[in-house]
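[1] The following block contains a protein sequence and its predicted model.
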Amino acid sequence: MTFVDHNTADLLALRPGDTGYEEEIAGFQTGFVQRPALVVAAASADDVAAAVRYAAARDLPVGVQATGHGLPGPSEGGVLITTKRMDRVSVDPAARTVRVQAGVRWGQVVAAAEPYGLAPLNGSAPNVGAVSYTLGGGLGILAREFGYAADHVRALDVVTADGRLRHVTRESEPDLYWALLGGGGAFGVVTELEIGLVPVRTLYGGSIAFDGREVDPATVLRAYEEWTRTVPDTLTSSFAAVPYPDLPALPPHLRGRYVVSVRVAHTGGDGERLVAPLREIGPALSDSLREMPYADSHTIHSDPDFPHAYYGDSAVLGELDRPGAAELLSRTGPDAGALCVVQINHLGGALAKPAPNSVPYRDGRFLLRLLTMGERAAARRRLDTAFTPLAPVTIGRALNFAFGAGDRAEGLYDAETRKRLAGLKSLYDPANLFRGNGGLSA
């Protein structure tokens, strides 16, 4: 494929059937693979701009993929831009900032910042793309203390639908800055961003797990909810319930177990005192709570690091209704008929503070995240059933945790935020080149 207006002769562009096409579109998410008409393997912002201009001239949809943890905007029959070759990280320790290109993963940023006693506001998995995570808000392991990753962005370089590369700051283009940070990929392709780092070298963290067949999961969740009312903003945590199948590939201590756990990250010096109530819930299956270097923070959740198929959605909760939560656990436990993974993140703290971006639902108290496997329609029905008990206390959904469900626009934004985003979408992308990100053009 030749891009007439492009000055890089070695730009890699692939069509179905070309050698390397299948490898280029492969990502972390293996369940809902798209088959674009053209894949552009971008190595620079100029490559991205050329791909966008090519798509715009032919009215083709554009999707972007860094690591594939989620799904890119719909690019079936269109153009998919892969950014994994754009992997430069540059730390400014004096300014406490880092510049990251579009294909950078959080593990790279953690490693680059660590020698300076600094840390990014990354999530739980080190192989998640830093840019896409931040554009969707970015709910990290230190979120209650420092807020969303999007709250710390200084500048973004973005190719908009007109093929222009813009340098966007809060001062230079406040509307586009606001829309990009929370609007996902609906307004262009971010090729690089500058984001603040925080002075964290070590933390107290880990998880405490219980056997859900020996300790009632609803009892653990109730104790956890009560405990969250007592902790400082320097402590961020989540509850999880996972019914592991009895498979030889799993570690022996997990096979066939229903594991209910609480995961903790705390930057203060009194971690042992704060987690003491968790250790009184019941006999622990495992307990890894400890002081650790920030570089080991990925061990708190120990998320799977291998590509696999999954389908998921989320609900921002105004509160955690106890009967509804107990029913949720009943519908997602070992007898659910298919694997369902429950995670409930404690919100509040700095997450509730206003910021000049479009990340919604800052008044939420918890975020419920559900993952399941299997055929898409059946998985959607299973999730709908599981979310139902907490519908009365649900105030919205989270864009970053709509894994394969991003085509459902309802609830991703409150009415006021959605209206403003839709207006800016019509201004910056009137032809809806970047599709499927919250249904802003619907």
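    Perfect, I can see it now.
[2] which SS state does L193 fall under?
    strand (DSSP: H, G, I helix; E, B strand; the rest coil).
[3] Contact partners for it?
    For L193, the contacting residues are 99-100, 130-131, 134, 153, 155-157, by C-beta atoms under 8 Å, 6 or more residues apart in numbering. Where C-beta positions appear, they are placed from N, C-alpha and C, glycine not excepted.
[4] Tabulate these in JSON lines, adding columns for distance to G205 and secondary structure.
    As requested, the contacts of L193 are exported to JSON lines (distance: C-beta to C-beta, whole Å; DSSP: H, G, I helix; E, B strand; the rest coil):
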{"residue": "R99", "distance to G205": "27", "secondary structure": "strand"}
{"residue": "V100", "distance to G205": "24", "secondary structure": "strand"}
{"residue": "A130", "distance to G205": "20", "secondary structure": "helix"}
{"residue": "V131", "distance to G205": "25", "secondary structure": "helix"}
{"residue": "T134", "distance to G205": "22", "secondary structure": "helix"}
{"residue": "V153", "distance to G205": "25", "secondary structure": "strand"}
{"residue": "A155", "distance to G205": "31", "secondary structure": "strand"}
{"residue": "L156", "distance to G205": "30", "secondary structure": "strand"}
{"residue": "D157", "distance to G205": "33", "secondary structure": "strand"}
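[5] and which of those residues is nearest R229?
    R229 lies nearest to T134 out of these, by C-beta to C-beta, at 29.5 Å.
[6] mind listing the helices in this protein by residue range?
    21-25, 45-57, 106-113, 130-135, 143-146, 174-180, 217-228, 271-279, 322-332, 376-387, 415-428 (DSSP state H).
[7] Mind giving me the packing neighbours of the third one?
    Yep, that's helix 106-113 we're talking about. Using 3 or more C-beta pairs under 8 Å, 6 or more residues apart in numbering; DSSP states H and E, the elements in contact with helix 106-113 are strand 89-92, strand 97-101, helix 130-135.
[8] Buried residues of the shortest one, list them for me.
    Residues of strand 89-92 classed as buried under the neighbour-count rule (16 or more other C-beta atoms under 10 Å) are 89, 91.
[9] which one of the helices of the chain lies closest to V259?
    helix 217-228 (9.7 Å).
[10] which residues touch that closest one?
    With contact meaning C-beta under 8 Å, 6+ apart, helix 217-228 is reached by 210, 212, 237, 239, 241, 258, 260, 262, 277-278, 281-282, 320, 322, 325-326, 329, 333, 344, 346.
[11] Sitting in strands, which of these do you find?
    Here DSSP state E is the test, and the contacts of helix 217-228 give 210, 237, 239, 241, 258, 260, 262, 344, 346 as lying in strands.
[12] residues in contact with the first one?
    With contact set as C-beta under 8 Å, 6+ apart, F210 has these partners: 220, 259-261, 281-285.
[13] circling back: make JSON lines from the helices and strands packed on helix 106-113 and add distance to D47 and mean pLDDT to it.
    Formatted as JSON lines, those follow (distance: least, C-beta to C-beta, whole Å; pLDDT from 0 to 100):
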{"stretch": "strand 89-92", "distance to D47": "19", "mean pLDDT": "98"}
{"stretch": "strand 97-101", "distance to D47": "12", "mean pLDDT": "98"}
{"stretch": "helix 130-135", "distance to D47": "15", "mean pLDDT": "95"}
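[14] Deepest in the core, which of those is it.
    Compared across the helices and strands packed on helix 106-113, helix 130-135 shows the largest average neighbour count, a mean of 28 (mean count of other C-beta atoms under 10 Å).
[15] which residues of the protein score low on pLDDT?
    1-9, 68-74, 404-407, 436-442 (pLDDT under 70).
[16] middle-most residue in it, spatially?
    N400 (4.2 Å; C-alpha atoms, centre = their mean).
[17] Show the contacting residues for the nearest residue to that one once chain neighbours are set aside.
    Distances taken as C-beta to C-beta, 6 or more residues apart in numbering place G136 nearest to N400, at 3.6 Å, with adjacent residues excluded. Contacts for G136 (C-beta under 8 Å, 6+ apart) come out as 182, 184, 398-400.
[18] now, which of those residues sits nearest D46?
    G184 (23.5 Å).
[19] related to what we said a few turns ago, farthest pair within the ones in strands among the contacts of helix 217-228?
    Y258 and H346 (21.8 Å).
[20] The helices of the chain: which one's closest to L289?
    Comparing these by C-beta to C-beta, helix 271-279 comes nearest, at 5.4 Å.
[21] got the buried residues for the closest one?
    271, 274-275, 278.
[22] cool, stretch 234-249 as well?
    So for stretch 234-249, counting by 16+ other C-beta under 10 Å, buried means 234-244.
[23] Output it as CSV, restricted to C-alpha atoms.
    Only the C-alpha atoms of stretch 234-249 are listed here, as CSV (Å, rounded to 0.1, in the frame of the first residue of the first chain):
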residue,chain,number,x,y,z
THR,A,234,-4.0,7.0,51.0
LEU,A,235,-5.5,3.5,50.9
THR,A,236,-7.0,2.1,47.6
SER,A,237,-8.5,-1.3,47.5
SER,A,238,-10.8,-3.8,45.8
PHE,A,239,-12.8,-6.9,46.5
ALA,A,240,-12.7,-9.9,44.1
ALA,A,241,-14.5,-13.2,43.8
VAL,A,242,-13.2,-15.8,41.3
PRO,A,243,-14.4,-19.4,41.0
TYR,A,244,-11.4,-21.1,39.5
PRO,A,245,-12.0,-24.2,37.3
ASP,A,246,-10.3,-27.4,38.2
LEU,A,247,-7.7,-27.3,35.4
PRO,A,248,-4.1,-28.7,35.4
ALA,A,249,-2.8,-25.4,34.0
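[24] contacting residues around stretch 167-184?
    132, 134-137, 150, 153-158, 160, 166, 186-188, 190, 356-360, 399, 406, 417, 420-421, 424-425, 427-428, 437-438, 440.
[25] what about that stretch, start to end distance?
    In terms of C-alpha to C-alpha, to the nearest Å, the two terminal residues of stretch 167-184 are separated by 17 Å.
[26] How far off centre is it?
    Centre-to-centre, stretch 167-184 and its host chain are 19 Å apart (C-alpha atoms, centre = their mean, to the nearest Å).
[27] Buried residues in that stretch, which are they?
    Quick answer for stretch 167-184 (16+ other C-beta under 10 Å): 168, 173, 176-184.
[28] Out of those, which comes closest to L367?
    Looking across these and measuring by C-beta to C-beta, the closest to L367 is G182, at 14.8 Å.
[29] Before I go, just wanted to say thanks for your time.
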